[in-house]
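Visitor: all I have is the shape, not the residue letters:
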Ligand SMILES: [Zn+2]
């Protein structure tokens with residue numbers, strides 16, 4: 001690699017050694033507190049001989065907590081004997097955002113999942129994205145990234161991914177969703193700007209990718225977390241990493257939806273307090289009232305009515321009460337049938 005594009009991050013652990021190790025990725029950062037210090041990004045590796053390499057990430061957005069807990073628990077409990085291959089875990093990948101409990105990093109305002117493929121000499125968040133893109137992803141076959149709705153948004157319990165066009169990749173992706181088997185699985189269509197997400201790097205590098213929305217509203221969803229805790233071992237067995245003991249339960253059935261990235265979202269058309277008139281999981285039709293926006297500075301005005309332009313099932317809902325023009329209020333999905341045919345063979 002060209003020297004000027006070489007990552008400035010260093011890892012305290014060797015991800016190529018058998019066994020289990022943990023430490024930090026060191027992100028160089030010069031601040032008032034430490035002129036030549038570094039930001040610690042926790043990392044762990046578990047490796048046992050030949051087998052698939054899998055990268056698990058959470059804390060891509062710091063205010064999404066279920067995935068972070070899921071991966072911290074896995075990190076502590078898993079042993080090399082449990083697997084064949086290699087598991088790399090980044091349970092709090094945008095560490096400054098994780099420490100602050102905010103979506104973006106308070107250091108550089110960086111939204112990690114909008115900064116791929118990153119910049120070797122950029123801001124801390126860009127350097128983290130660049131390390132994932134240039135060092136970690138080229139070494140793995142699968143990357144699963146655990147998100148929730150965050151402070152501003154709450155989701156029905158969901159795993160999701162952007163639907164690949166190629167039949168083989170699509171079969172593989174649907175296989176991830178069926179194995180993880182959250183109550184709901186969402187295929188996103190027509191996404192713009194995907195190249196700047198982790199997804200874009202995974203596509204460029206031929207890495208199988210799945211993401212989740214495990215609740216949200218800046219809180220911790222117990223039911224969703226329990227479903228994810230049961231799903232993660234199934235997913236890791238499905239890709240051939242986790243060894244089975246022959247006593248595993250079959251995956252429960254997941255309801256599939258397709259979400260159109262552009263038209264599946266309802267936005268606020270005024271600024272004020274949003275009185276939602278619908279709940280997560282409800283079915284709506286075009287023309288239904290989504291809610292009304294009350295004007296707190298001119299409370300005698302009639303509130304602004306926001307309607308659904310399309311029908312579907314509500315898969316996400318704005319969490320905070322106040323809203324402004326342009327905020328996403330609801331996202332809709334359309335229920336679809338997914339063939340029960342056997343998934344494509346995984347290599
Ligand atoms: Zn997220």
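Guide: Yes, it's here. Being a predicted model, the structure only gives us computed values, none of them experimental.
Visitor: for the lengthiest helix in the chain, packing partners?
Guide: In the chain, assigned by DSSP state H, the helix with the most residues is helix 222-238. Using 3 or more C-beta pairs under 8 Å, 6 or more residues apart in numbering; DSSP states H and E, the elements in contact with helix 222-238 are helix 66-77, helix 167-180. Where you see a C-beta, it was placed from the backbone N, CA and C, and this is true even at glycine.
Visitor: tilt between the helix or strand just after it and helix 167-180?
Guide: Per DSSP states H and E, the first helix or strand lying C-terminal to helix 222-238 is strand 255-260. Angle, strand 255-260 to helix 167-180, by axes from the mean of the first three to the mean of the last three C-alpha atoms, to 10 degrees: 130 degrees.
Visitor: how much space separates the residue nearest to the spatial centre of the chain from the ion?
Guide: The residue lying closest to the centre of the chain (C-alpha atoms, centre = their mean) is residue 147, at 3.2 Å. Using C-beta to the ion, to the nearest Å, residue 147 is found at 3 Å from the ion.
Visitor: in this structure that residue contacts residue 66, no?
Guide: No - the criterion here is C-beta atoms under 8 Å, and residue 147 misses it with residue 66 at 9.0 Å.
Visitor: overlap in contacts of these two?
Guide: Counting by C-beta atoms under 8 Å, 6 or more residues apart in numbering, the residues touching both residue 147 and residue 66 are residue 214.
Visitor: around the ion, which positions in the protein sit nearby?
Guide: 61, 64, 147 (C-beta under 5 Å from the ion).
Visitor: redo these as a markdown table? Include pLDDT.
Guide: Shown next, in a markdown table, are the residues of the chain next to the ion (pLDDT from 0 to 100):
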| residue | pLDDT |
| --- | --- |
| 61 | 98 |
| 64 | 98 |
| 147 | 98 |
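Visitor: what is the nearest of those residues to residue 111?
Guide: Lowest distance from residue 111 to these (C-beta to C-beta) belongs to residue 61, with 7.5 Å.
Visitor: picking up where we left off before, could I get the helices and strands packed on helix 222-238 as a markdown table with mean pLDDT, distance to residue 91 and mean neighbour count?
Guide: Listed next are the helices and strands packed on helix 222-238 as a markdown table, based on pLDDT from 0 to 100; distance: least, C-beta to C-beta, whole Å; neighbours: other C-beta atoms under 10 Å:
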| stretch | mean pLDDT | distance to residue 91 | mean neighbour count |
| --- | --- | --- | --- |
| helix 66-77 | 98 | 4 | 19 |
| helix 167-180 | 95 | 17 | 19 |
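Visitor: of all those, which one comes closest to residue 203?
Guide: Taking these one by one with C-beta to C-beta, helix 167-180 is closest: 8.7 Å.
Visitor: what's the angle between the closest one and helix 222-238?
Guide: 130 degrees.
Visitor: which strands and helices sit next to the following helix or strand past helix 167-180?
Guide: For helix 167-180, the following helix or strand on the C-terminal side (DSSP H and E) is strand 184-189. Applying 3+ C-beta pairs under 8 Å, 6+ apart, one finds that strand 184-189 makes contact with strand 158-162, helix 167-180, strand 255-260, strand 328-336.
Visitor: show me which positions of the next helix or strand after the third one end up buried.
Guide: Using DSSP H and E, the helix or strand that follows strand 255-260 towards the C-terminus is strand 265-267. Judged by neighbour count (16 or more other C-beta atoms under 10 Å), strand 265-267 contains these buried residues: 265-266.
Visitor: which other residues reach strand 265-267?
Guide: Residues from elsewhere that reach strand 265-267 (C-beta under 8 Å, 6+ apart): 290, 306, 308-309, 325-332.
Visitor: and the next helix or strand past that strand?
Guide: strand 272-276.
Visitor: pairing partners for that following strand, with directions?
Guide: strand 289-294 (antiparallel), strand 322-323 (antiparallel) (DSSP bridges).
Visitor: contacting residues for residue 117?
Guide: 129-130, 133-134, 200-201, 204.
Visitor: among the residues you listed, who's most crowded?
Guide: residue 129 (29 neighbours; other C-beta atoms under 10 Å).
Visitor: any chance of the helices and strands packed on helix 222-238 in TSV, plus distance to residue 265?
Guide: Formatted as TSV, the helices and strands packed on helix 222-238 follow (distance: least, C-beta to C-beta, whole Å):
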stretch	distance to residue 265
helix 66-77	22
helix 167-180	21
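Visitor: from memory residue 205 sits against residue 139, does it?
Guide: No - in this structure residue 205 lies outside contact range of residue 139 using C-beta under 8 Å: 9.8 Å.
Visitor: looking at the two, which one has more neighbours?
Guide: residue 205 (17 against 14).
Visitor: right, and residue 291 touches residue 306 too?
Guide: Yes - using C-beta under 8 Å, residue 291 is in contact with residue 306, at 5.5 Å.
Visitor: among the contacts of residue 117, which are in strands?
Guide: Taking DSSP state E, every one of the contacts of residue 117 sits outside strands.
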